[in-house]
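*Asks:* here is a sequence with its predicted model. Questions after.
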Amino acid sequence: MEVAIPCGHDEVHLVLPTGSEILEPLPMPVLKDPEGAVSAALSHPIESLALAELTRGRKNACVVISDITRPVPNRVILPPLLKTLESAGIERTGITILIATGVPTGSRHAPGPLRCGINGVVREDQKKHRRGKKQRHPSQ
């Protein structure tokens, strides 16, 4: 059996053994208010305290996000997340956004806030994770 798998703007053609089964994702409804859904999930998580309760009394936080190599809607997730942390008493200056890069260490092309979909959402001095290099949170 030959199948075409979408890959970027092209397709990859594969020949699968006879009897292979193709699994496809179920269609998901489009959220009318994605940021509202994130806020609701932060306020009423499954089997956990709300984020505001977990962080109350803390002075700082580190939020780890994926870079452009992973399709994560950072522009949707970060505003309600940052608002929740701030409402729990953590000042914006006490929140570090750590961009976990998917590019090799030392790459000149490591993504910054603009390429992560968070330009204007976070400070320009946010951190980028470098594989193999130990980094400490400012509170340590």
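*Replies:* Everything's here; your move. Owing to the predicted nature of the structure, the values given are computational and were not obtained by experimental measurement.
*Asks:* elements contacting the longest helix seen in the chain?
*Replies:* Ordering each helix of the chain by length in residues (DSSP state H) puts helix 74-87 first. Judged by 3 or more C-beta pairs under 8 Å, 6 or more residues apart in numbering; DSSP states H and E, helix 74-87 is in contact with helix 34-43, helix 51-55, strand 61-66, strand 95-100. From N, CA and C alone the C-beta is placed, and that goes for glycine too.
*Asks:* which positions in that helix come out as buried?
*Replies:* Using 16 or more other C-beta atoms under 10 Å as the test for burial, helix 74-87 gives 74, 77-78, 80-82, 84-86.
*Asks:* returning to what we had before: most tightly packed of the helices and strands packed on helix 74-87?
*Replies:* strand 95-100 (a mean of 19; mean count of other C-beta atoms under 10 Å).
*Asks:* who does it pair up with?
*Replies:* strand 61-66 (parallel), strand 127-129 (parallel) (DSSP bridges).
*Asks:* and the angle for the longest one with helix 74-87?
*Replies:* For strand 61-66 and helix 74-87, the angle between their directions (axes from the mean of the first three to the mean of the last three C-alpha atoms, to 10 degrees) works out to 170 degrees.
*Asks:* could I have strand 61-66 exported to PDB, CA atoms only?
*Replies:* Presented in PDB, the C-alpha positions along strand 61-66 are these (Å, rounded to 0.1, in the frame of the first residue of the first chain):
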ATOM      1  CA  ALA A  61       8.600  32.000  38.200                       C
ATOM      2  CA  CYS A  62      10.200  30.500  35.100                       C
ATOM      3  CA  VAL A  63       8.000  29.700  32.200                       C
ATOM      4  CA  VAL A  64       9.500  27.300  29.600                       C
ATOM      5  CA  ILE A  65       8.200  27.600  26.100                       C
ATOM      6  CA  SER A  66       9.100  25.900  22.800                       C
END
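*Asks:* least reliable of the strands paired with strand 95-100 going by mean pLDDT?
*Replies:* Among the strands paired with strand 95-100, strand 127-129 has the lowest mean pLDDT, at a mean of 53.
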